[in-house]
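K.L.:
Turn this into a model:
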Amino acid sequence: MSHTFIPPALPETMRLVAKLIGVPETLQLVQTLGGTTFPISKNHSPAGRLRFAALVDVIGEKAANKLTKHFGGDVLYIPRCSQAVRQARNQQLVRDFDALLDQGLGANESVSVLAMRYRLSDRMIWRILKTPVMC
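P.N.:
Sure thing, here's the model as predicted:
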């Protein structure tokens with residue numbers, strides 16, 4: 001089994017969630033429900049099935065089943081995880097920059113493309129590119 005990198009900026013509870021369901025699903029959960037308290041149902045009652053269906057809509061059935069198995073009956077606070085989400089975005093931005101360079105675009109053109117794609121200023125893109133990537 002391969003080791004999955006879990007961003008160190010994630011709070012402890014979200015690190016556990018990431019171990020259970022995976023980092024992409026955890027980030028999706030945080031981006032959609034971050035800052036809320038979410039009751040994890042046992043998926044038995046009509047209300048529980050509705051909450052489970054809402055969870056499936058956010059992270060998929062396989063991940064929802066794993067969370068239900070581990071946290072069923074508990075109320076889970078899902079933090080916003082701003083720092084971890086920003087780090088994940090910045091790491092993807094750097095990968096996108098490298099891919100654009102590989103496609104033959106110059107650095108300035110690539111920064112312009114990324115500024116529009118990520119809805120950030122050119123200055124912010126350059127700042128992110130000059131910052132060492134956290135692993």
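
K.L.:
Any buried residues in the host helix or strand of residue 50, and which?
P.N.:
Residue 50 is part of helix 46-59, with elements assigned from DSSP states H and E. Residues of helix 46-59 classed as buried: 48, 51-52, 55-56, 58-59 (neighbour count, 16 or more other Cβ atoms under 10 Å). Bear in mind the C-beta positions are built from the backbone N, C-alpha and C, glycine included.

K.L.:
Beyond that helix, next helix or strand please.
P.N.:
helix 61-71.

K.L.:
Apart from its chain neighbours, what residue comes closest to the spatially most central residue of the chain?
P.N.:
Central residue of the chain (Cα atoms, centre = their mean): residue 27, 1.8 Å from the mean position. Spatial nearest neighbour of residue 27, excluding adjacent residues (Cβ to Cβ, 6 or more residues apart in numbering): residue 88 at 5.9 Å.

K.L.:
And the residue nearest to the centre of the chain, how close does it get to residue 86?
P.N.:
For residue 27, the distance to residue 86 (Cβ to Cβ, to the nearest Å) stands at 11 Å.

K.L.:
What's the biggest helix in this protein, counting residues?
P.N.:
helix 82-102 (DSSP state H).

K.L.:
Check which helices and strands that helix sits against.
P.N.:
With contacts taken as 3 or more Cβ pairs under 8 Å, 6 or more residues apart in numbering; DSSP states H and E, helix 82-102 sits against helix 23-33, helix 107-118, helix 122-130.
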